[in-house]
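**Q** Got a sequence here, can you model it:
(chains A and B)
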Amino acid sequence: MTERDVKTTAPHEAAQLRVLLFSVLREKVGRGTLDLALPAPATGAALLDQLARDYPALAPYRPIVRLAVNQEYTDESVRLEAGDEVALITPVSGG
Amino acid sequence: MEDIWIELTKEALDVGAAAAFLATPGAGGLSLFVGTTRRWTGEQETEELAYDAYAPMAEQEMRRLVAQAQGRWPVLKACVLHRLGVVPVAEASVVVGVATPHRAEAFDACRFLIDALKQQVPIWKREHYADGSTAWVQGSAPPALQEEIPSPEADE
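**A** Just a heads-up that it's a prediction; the model follows:
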């Protein structure tokens, strides 16, 4: 059993997650943080699908959002754990 | 003394302080890129820009990009400074600098850092136009995953 398995949310439980929004997404939704319970299996793709359903303003951005989990860019196939800090990153424009 | 200066700040950026920080006896040159707020983009007139950031991750990504640059070029010192909040026209929004033994690697490393910053670091700009409208600027593509970025130091 790996260390990651130990803290994995039990299969039947919903993972409680905090999602951070910035720039255009924060403006469209009207807030910078969303708290939600994601049913198992809690993956990045499932999270993005649920957010697009719950917040239709986010749906058009679904194809261009990069997920960051605990401040690292990750693929949508990532397994999310309760307490993870998830951020939706649209194409950046710093500089 | 710390060889890397990473900072997000709401204050005006001090290019002189960046140059002073980069000065080191081992360097044969330092290269600084200063990004400033441009008034005209095509027909549209900008009055100011406002920057938003996922600050803790932005700082971490900046540090990671400097580490990548250090893996590729002999970077003795580096700074990556980005202003947040409102930046009026003609003022600096970003200062990227490196000190290296020779000039060619200074140009290359500095160019890499600003190009990678604009692609990877979670910071966004919002244009405030002279006609009163505003718009978030969106980059051309989502940030790359870690494994998609060529990282020379990963082989070590």
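**Q** what sits against the nearest residue to A:L51 once chain neighbours are set aside?
**A** Of all residues not flanking A:L51 in the chain, A:L58 sits nearest, at 5.3 Å (CB to CB, 6 or more residues apart in numbering or on different chains). Heads up, the C-betas are built off the backbone N, CA and C, glycines and all. Applying CB atoms under 8 Å, 6 or more residues apart in numbering or on different chains, we find A:L58 in contact with A:25, A:28-29, A:51-52, A:88.
**Q** what about 7 Å?
**A** A:25, A:28-29, A:51-52 (CB atoms under 7 Å, 6 or more residues apart in numbering or on different chains).
**Q** Next, find the distance separating it from A:E76.
**A** Distance check for A:L58 against A:E76: by CB to CB, to the nearest Å, it reads 14 Å.
**Q** On the pLDDT front, check the residue nearest in space to the middle of chain A for me.
**A** Central residue of chain A (CA atoms, centre = their mean): A:V86, 4.6 Å from the mean position. Note on A:V86: pLDDT of 98.
**Q** Can you give me the buried ones in the top helix by length along chain A?
**A** Counting by DSSP state H, the longest helix found in chain A is helix A:44-54. Buried residues in helix A:44-54, counted by 16 or more other CB atoms under 10 Å in any protein chain shown: A:44, A:46-48, A:50-52.
**Q** What's the mean pLDDT across it?
**A** 96.
**Q** for it, packing partners?
**A** strand A:33-38 (3 or more CB pairs under 7 Å, 6 or more residues apart in numbering or on different chains; DSSP states H and E).
**Q** Tell me where chain B has helices.
**A** B:15-22, B:55-72, B:103-120.
**Q** Distance from the first one to the middle of the chain?
**A** Distance, stretch centre to chain centre, for helix B:15-22: 14 Å (CA atoms, centre = their mean, to the nearest Å).
**Q** relative to helix B:103-120, how tilted is it?
**A** Helix B:15-22 and helix B:103-120 are oriented at 120 degrees to each other (axes from the mean of the first three to the mean of the last three CA atoms, to 10 degrees).
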